[in-house]
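In: Can you look at this prediction? I've put the sequence above it.
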Amino acid sequence: MTATFIGVGVGPGDPELMTVKAWRTIEQADVISFIANKTGESQAKVIAVQALESTKKTRLEIPVCVPMVLDRHDINAVYDQAAKTIQKHLNEGKNVVFICEGDPLFFGSFAYLLERLESNNRCEVIPGISSVHAASSALQMPLTMLKESFSVVSGRHSSQQLEQALNNNDTVVIMKAGRARERILNALKATGRLADANYLEYIGRDNERIMTDVTQLTATEGPYFSLFVVIRSQRDRS
């Protein structure tokens with residue numbers, strides 16, 4: 001039987017937000033892979049720990065240690081090597097699961113491995129709840145209504161791109177906000193949308209933080225798992 005490479009979304013942080021299918025797929029995997037830091041710690045593994053511990057089957061774990069740098073050459077080298085390691089186990093007939101925070105194909109590292117492996121292997125994706133939807137639920141605010149426009153951008157975008165999105169859309173979610181916090185706050189101020197903005201980090205985890213008044217937020221660098229949700233304060237619901 002042909003082995004399968006499976007991307008599994010484990011949700012934004014709360015283990016109870018994992019789907020039944022994600023849990024079952026993890027339990028049945030021969031090999032588990034995940035993004036880890038240089039010390040081997042993995043946010044996805046922490047979220048999925050109960051599923052990982054629910055079976056006593058011997059399982060091989062493959063940490064993919066991606067450096068926190070912007071140099072794509074170094075990062076691509078890590079993914080190249082990880083894909084070769086995963087391919088070896090697929091060739092042996094072992095199903096390999098790659099667990100991801102949120103959804104595997106929404107700003108997910110799984111996508112980089114998928115593009116390296118999909119041409120020669122059977123692949124599947126188990127979707128997960130994204131941080132965007134977890135943030136909307138935490139705020140108890142709908143992301144869009146009726147004819148409202150909605151855009152998701154990255155904090156890595158330029159100030160001009162951020163301002164363009166804020167000027168042209170009713171709702172804007174700005175991902176990867178940690179290193180770009182000062183630039184994002186400046187863009188919100190320049191577009192007159194400070195009052196519309198909310199800031200969240202570590203959604204669904206014990207250290208969750210929510211700020212609905214971002215004028216009280218310092219311009220210092222924040223954590224990787226943070227985002228801004230900008231929603232029109234005056235909504236036309238007619």
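Out: Received, thanks.

In: Quickly list the domain ranges of this protein.
Out: Domain segmentation of the chain under automatic domain parsing yields 4-126, 131-231.

In: all strands of this structure, in order?
Out: 4-9, 31-36, 60-65, 96-100, 122-126, 150-154, 171-175, 197-201, 209-211, 226-231 (DSSP state E).

In: how big is the angle separating the second one from strand 4-9?
Out: This means strand 31-36. When axes from the mean of the first three to the mean of the last three CA atoms, to 10 degrees is applied, the directions of strand 31-36 and strand 4-9 differ by 40 degrees.

In: mind listing what the residue nearest to the spatial centre of the chain touches?
Out: Nearest residue to the geometric centre of the chain (CA atoms, centre = their mean): G102, 4.6 Å. Going by CB atoms under 8 Å, 6 or more residues apart in numbering, G102 touches 9, 11-12, 108, 128-131. The way it works is simple: take the backbone N, C-alpha and C, and place the C-beta from them, glycine included.

In: now do G11
Out: Residues in contact with G11, defined by CB under 8 Å, 6+ apart, are 17-19, 22, 47, 101-102, 128-129, 134, 204.

In: Can you find the helix or strand in the protein with the smallest mean pLDDT?
Out: Lowest by mean pLDDT, DSSP states H and E among the helices and strands of the chain is strand 60-65, with a mean of 78.

In: top helix in this protein by residue count?
Out: Across the chain, the longest stretch assigned as helix under DSSP state H is helix 72-91.

In: count of neighbours near the closest residue to K45 other than its chain neighbours?
Out: Spatial nearest neighbour of K45, chain neighbours left out: F34 (5.2 Å); criterion: CB to CB, 6 or more residues apart in numbering. Using other CB atoms under 10 Å, F34 is surrounded by 26 other residues.

In: Kindly report the same for the one 4 residues further on.
Out: Applying other CB under 10 Å, we find 10 residues neighbouring K38.

In: Quick check: it touching V66?
Out: No. Taking contacts as CB atoms under 8 Å, K38 lies outside contact range of V66: 9.4 Å.

In: buried residues in stretch 139-151?
Out: Across stretch 139-151, burial judged by 16 or more other CB atoms under 10 Å covers 139, 143, 148.

In: The last one is in contact with V172, isn't it?
Out: No. Counting by CB under 8 Å, no contact exists between E148 and V172, whose distance comes to 11.0 Å.

In: Can you pull out the low-pLDDT segments for the chain?
Out: Applying pLDDT under 70 to the chain picks out residues 1, 56-58, 67-71, 235-238.

In: change it to 50
Out: The chain contains no residues with pLDDT under 50.

In: Leaving out chain neighbours, which residue sits closest to V214?
Out: Distances taken as CB to CB, 6+ apart place A197 nearest to V214, at 4.6 Å, with adjacent residues excluded.

In: so the one you found touches F228, yeah?
Out: Yes. Using CB under 8 Å, A197 and F228 qualify as a contacting pair, with a distance of 5.6 Å.

In: Mind listing the shared neighbours of those two?
Out: Overlap of the contact sets of A197 and F228 (by CB under 8 Å, 6+ apart) consists of 188, 214.

In: Which one of these two is surrounded by more residues?
Out: F228 (29 against 25).

In: now the more buried one: how far from K176?
Out: 10 Å (CB to CB, to the nearest Å).

In: Over to E163?
Out: From E163 over to K176 (counting by CB to CB), the distance is 17 Å.

In: sorry, back to before: tell me which of the buried residues of stretch 139-151 is nearest to Q43?
Out: In terms of CB to CB, no member of the buried residues of stretch 139-151 lies closer to Q43 than L139, at 21.7 Å.

In: Which residue comes closest to the closest one once chain neighbours are left out?
Out: N198 (5.7 Å).
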